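Participant: Okay, predicted coordinates and the sequence, questions at the end:
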Amino acid sequence: MKRQIPLIIIITLGFMFVAHSFIPHKISVDFFDWFQDWAKAISPFAVSLGIMSLFMVHGTKIKRKVPNWQYSVVTLAGLVFTAFAGFVWGTQSGTPYMWLFENVQMPMSATMFALLAFYIASAAYKAFRARSAEATVLLVAAIIVMLGQVPLGAMISKWIPETSTWILNVPNLAAKRAIMIGVGLGITATSLKILLGIERTYLGGGD
Amino acid sequence: MNKNVIKFFDKIQNIDRRYIYLVVAFSIIIPLLIPFNSPTYVTKPTEDIYKKIDSFAGDENKAILMSFTHDASTMPELFPMEVSVLRHCFERNIKVFTICWLPAAAPLVDYAINTAKEDFDVQSGVDYCNFGYKPWAIQLPIMLGMGDDIAKAVETDSQGRKVENLEIMKNIKNYDDMNLVIDFAASSSSITWITYARARFGANIAAGVTAVMVADNYPYLQTGQLMGMLRGLKGAAEYEKLVDVFAAYESEDYPNGRPFSNEIIKETRVPITGDTVPYKYKKARIGMNAQSVAHIMMIFFILLGNIGYFITKKKEI
């Protein structure tokens, strides 16, 4: 029953929502509105579940003093303090919550993302070699697109940004579309398998 | 070939990567600290968004929605776009709504609004409205619900006020009125807007994305499903320039900004080295200087690496 009931709910609702997309009748629209309220009511439970899970995972790590358990303390302290600051003083400009965001989260996140530039530069220098015809095409395309992205490219020649746009608009589009069509067909096939109850791995193992 | 040249390239092939890091760091930091004037060429995808937003100027029956789908990590690229679009709306008296789907994006929305509104006499609930953070799990019901009734789908704004009671909602019912959605993201999340808001309700969708996501969004731009796209820091710099040249322009003939013109934008250069433009409105253009130097350095490294590769290969043969 642990598997059959969720399966029945998914199959029934799945087909009802597919039908809703094609039947704009009042009953169908009303059902959809009613479901929207349910969806809104369910989502806070997902947040609670996430917080509980975080406390359980990191709480266990702290309790057992596993290697690097100190990071778990920082994670939980960050969660508690940020939530506390938000609940007590609000989230508007000038509050401790906003201070934390502007002075802790913002620079730390931006720093992590900015590190990419260093890795890319180093990788480009060490690995980007014209070893074969394909690699040479990739190398030339990369240089043109990089130059086309900055004012210097247009200053050297108007052909650089134009060629850069062509690379993005023609070969890039052809490859992207092919991938997207493949992904789209895959999604449709998987969705059908879920709707028909053939694909059941999302239900988890065991009875 | 000269033995010294071969020796030099041999050495440089195995250079410690920390030297590369150092060069990249300097090539980014120096242009940020010492800004210089470089041309900003405005491209069509940016121009299309500007013109669409500008067509709503002073119209009480039209509004735009800015969707924030990113966290602080991609702020350097996306934040200048958001501030520029907000500035454009405030300059030209265009109703603007904001919404976000990630908890980490909620402070970003406040930060962007607070940054842009400092120079304008605008009021929350009247000139702009922040719908606030709505959980990802209910994105679809809200997105679809806004096609029928925005106030009903969103219910409350970030301050807990009933959206239906806000003055800004006068004449704004659904996507027919809130006719442009711009999704600022470090992903292809604009596809969700295209699938549901555009395909079903005919809403105009635009995207402001990080440079690495540009290629992913190109198919939708080419088909017209995205009516425009701000592409990375370059797109942000272009939009900053457009707002400077047109929306923020003041003269006797045009006290509240002037209409877009291809000739004017081609001829006009906005200097960023002086104090004429506040720092917050030229951040992307200063960043573009750093990006230009960094790209040149990268190309230099790639070429140097390849020359060294071929010389070493020749020597081995």
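Facilitator: That came through, no problem. Only a predicted model underlies this, so the values are computations on that prediction, with no experimental measurement involved.

Participant: So stretch B:276-284, near chain A or not?
Facilitator: No: judged by C-beta under 8 Å from any C-beta of the partner chain, stretch B:276-284 makes no contact with chain A; its nearest approach is 12.4 Å. The way it works is simple: take the backbone N, C-alpha and C, and place the C-beta from them, glycine included.

Participant: Now find how far off-centre that stretch is within its chain.
Facilitator: Here stretch B:276-284 is found 14 Å from its chain centre; the criterion is C-alpha atoms, centre = their mean, to the nearest Å.

Participant: Run through who's touching that stretch.
Facilitator: The contact list for stretch B:276-284 (C-beta atoms under 8 Å, 6 or more residues apart in numbering or on different chains) reads B:35, B:79-81, B:83-84, B:87, B:115, B:119, B:233, B:236-237, B:239-240, B:243-244, B:270-272, B:286.

Participant: Can you list the buried residues in it?
Facilitator: By 16 or more other C-beta atoms under 10 Å in any protein chain shown, the buried positions in stretch B:276-284 come out as B:V277, B:K280, B:Y281, B:K282, B:K283, B:A284.

Participant: Could you do stretch B:261-279 as well?
Facilitator: Those would be B:I265, B:V270, B:I272, B:V277, for stretch B:261-279 by 16+ other C-beta under 10 Å.

Participant: thought A:F101 was touching B:V109?
Facilitator: No: using C-beta atoms under 8 Å, A:F101 makes no contact with B:V109, being 11.2 Å away.

Participant: show me the residues around B:H88 that make contact.
Facilitator: Listed by C-beta under 8 Å, 6+ apart, the contact set of B:H88 reads B:Y50, B:I53, B:D54, B:I94, B:Y239, B:L242, B:V243, B:A247.

Participant: let's see it at 7 Å
Facilitator: By C-beta atoms under 7 Å, 6 or more residues apart in numbering or on different chains, the residues touching B:H88 are B:I53, B:V243, B:A247.

Participant: Contact residues of the stretch 1-150 of chain B facing chain A?
Facilitator: Counting by C-beta under 7 Å from any C-beta of the partner chain, the stretch 1-150 of chain B comes close to chain A at B:17, B:20-21, B:24, B:38-41, B:71-76, B:106-107, B:110-111, B:114, B:135, B:137-138, B:141, B:145.

Participant: and the residues you listed, which of them are in strands?
Facilitator: If you go by DSSP state E, the residues of the stretch 1-150 of chain B next to chain A have nothing in strands.

Participant: Put the buried members of the residues you listed into a PyMOL selection.
Facilitator: In PyMOL, a selection of the buried entries from those looks like this (16+ other C-beta under 10 Å):
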select buried, chain B and resi 20+21+24+38+40+41+71+72+73+74+75+76+106+107+110+111+135+137+138+141+145
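
Participant: taking the residues of the stretch 1-150 of chain B next to chain A one by one, which sit in helices?
Facilitator: Secondary structure from DSSP state H places B:17, B:20-21, B:24, B:75-76, B:106-107, B:110-111, B:114, B:141, B:145 of the residues of the stretch 1-150 of chain B next to chain A in helices.

Participant: hey, which helix is longest across chain A?
Facilitator: Looking across chain A with DSSP H, the single longest helix is helix A:26-64.

Participant: for the record, mean pLDDT for that helix?
Facilitator: Helix A:26-64 comes out with an average pLDDT of 86.

Participant: Following element in sequence after that helix, please.
Facilitator: Later in the chain than helix A:26-64, the nearest helix or strand by DSSP states H and E is helix A:69-89.
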